[in-house]
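**Q** Mind looking at a prediction? Sequence and model below.
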Amino acid sequence: MKALVYEGVETLAFRDVPMATGQEGEHLIRIHASGICGSDMHAYLGHDSRRPAPLILGHEAAGVIEDGPQAGRRVTINPLVTCSNCTACTSGRENLCASRQIISMPPREGAFAQFVTMPERNLVTVPEDTPLEKAALAEPLAVSWHAARLALEALHPETERRALVIGGGAIGLAAALALRAMGVEDITIQEPNEARRAFLMDHCGQQTVAEFQGMVPLVVDAVGYAATRAAASAVAAPGGVIAHVGLGEDTGGLDIRRMTLQEITFIGTYTYTAQDFRDTAQAIFDGRLGALEWPEIRPLSEGAAAFRDLRSGAVAAPKIILDPWA
């Protein structure tokens, strides 16, 4: 099969690789759409020691089961493979499973390939009227759905529902969409890239600013750099909540003194539970997250160029989806 292989810092090659093979009980899935995630970009830049070269990246995917009695079933993939037996798994917090694995990280190759294998429990059936390109958005949307859910659960019930999302990439946009689906009406996305701000306003119907002024009860940091954490802790209102989902850099930024004196809640959020993933997929199918027509679709064979364009800031769309068969 063909795959886009990460071979070293800022080096990707579209080439032949051995056919995907899975463990007993796993399905072989023909991938039709696979999105580029920020974590793929971190690996591409050599910033993620968990993803050493050579490796097939990609974990935001949808496709069609290729083998067995379910052949032809259209599915979107929850890429987080967990043990199903530990306390985290049995309590519905599978994302905290100590033995969790995710495709695109050893020992599991990723979905920038024509085929991947996955357990049945990681698959959600996609209705015939939902394009697989939209279904592939379930993973990044679930990340933000999880963050939005936890943030709203932590916010005092009498607190005004207004939110600032820092970062207008896919996770930031998805956070805004999830918050709106959960009943938050007043949402602003802070995004420094002028072209992306324009795209978010013109194509996604979002309210955007280059720099936010004032205070807001709920902040989602979808970037995760010291500068964005500093911004989040400066604008979070007393008694407010910061949901931190970005993984840009490890340290710095938080104003711990202000957060302590103003009782600002900080929540680290990682991926999603299995229920969050299913709920997100259903929200896509029901149209509750909007038309979702903002990704840019390119052939997987041109994936290296897509990464270079993202690296240079030349992409206005919040998401690029790669098609292995184009």
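**A** That came through fine.
**Q** Confirm that residue 134 lies within a helix, as I assumed.
**A** Yes. Read with DSSP: H, G, I helix; E, B strand; the rest coil, residue 134 is one of the residues of a helix.
**Q** And it, how far from residue 319?
**A** Noted for residue 134: a distance of 11 Å to residue 319, by C-beta to C-beta, to the nearest Å. Any C-beta I mention is one placed from the backbone N, CA and C, and that applies to glycine too.
**Q** One more: residue 193?
**A** The gap separating residue 193 from residue 319 is 14 Å, by C-beta to C-beta.
**Q** same question, residue 270
**A** The separation that residue 270 has from residue 319, given C-beta to C-beta, amounts to 20 Å.
**Q** ranges for the helices of this structure?
**A** For the chain, the helices defined by DSSP state H occupy 38-44, 87-90, 132-135, 138-154, 170-181, 194-204, 226-235, 256-261, 274-286, 303-312.
**Q** now, of those helices, which is deepest in the fold?
**A** Each of those was given a mean neighbour count from mean count of other C-beta atoms under 10 Å, and the largest, a mean of 27, is that of helix 170-181.
**Q** quick check: angle from that helix to helix 194-204?
**A** For helix 170-181 against helix 194-204, the angle by axes from the mean of the first three to the mean of the last three C-alpha atoms, to 10 degrees is 40 degrees.
**Q** what about stretch 203-214, distance to the chain center?
**A** Between the mean C-alpha point of stretch 203-214 and the mean C-alpha point of its chain there is a distance of 20 Å (C-alpha atoms, centre = their mean, to the nearest Å).
**Q** Tell me which residues of it come out buried.
**A** Buried positions in stretch 203-214, judged by neighbour count with 16 or more other C-beta atoms under 10 Å: 204, 206, 208, 212.
**Q** Kindly provide the whole-number mean pLDDT of it.
**A** Stretch 203-214 shows a mean pLDDT of 96 in the predicted model.
**Q** now do stretch 252-269
**A** Per-residue pLDDT over stretch 252-269 has a mean of 97.
**Q** Could you export it as CSV, CA atoms only?
**A** Below are the C-alpha coordinates for stretch 252-269, written out as CSV (Å, rounded to 0.1, in the frame of the first residue of the first chain):
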residue,chain,number,x,y,z
GLY,A,252,5.4,29.1,31.3
GLY,A,253,2.6,31.7,31.0
LEU,A,254,0.1,31.1,33.7
ASP,A,255,-0.4,33.9,36.3
ILE,A,256,-0.7,31.5,39.2
ARG,A,257,-1.1,34.4,41.8
ARG,A,258,-4.0,35.9,39.9
MET,A,259,-5.6,32.5,39.3
THR,A,260,-5.4,31.7,43.0
LEU,A,261,-6.6,35.1,44.3
GLN,A,262,-9.5,35.1,41.8
GLU,A,263,-10.4,31.4,42.1
ILE,A,264,-10.0,30.7,38.4
THR,A,265,-10.3,27.0,37.6
PHE,A,266,-7.7,25.5,35.2
ILE,A,267,-8.6,22.3,33.5
GLY,A,268,-6.1,20.2,31.4
THR,A,269,-8.0,18.3,28.8
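**Q** what's next to it, contact-wise?
**A** 143, 146-147, 150-151, 154, 225-230, 232-234, 236-245 (C-beta atoms under 8 Å, 6 or more residues apart in numbering).
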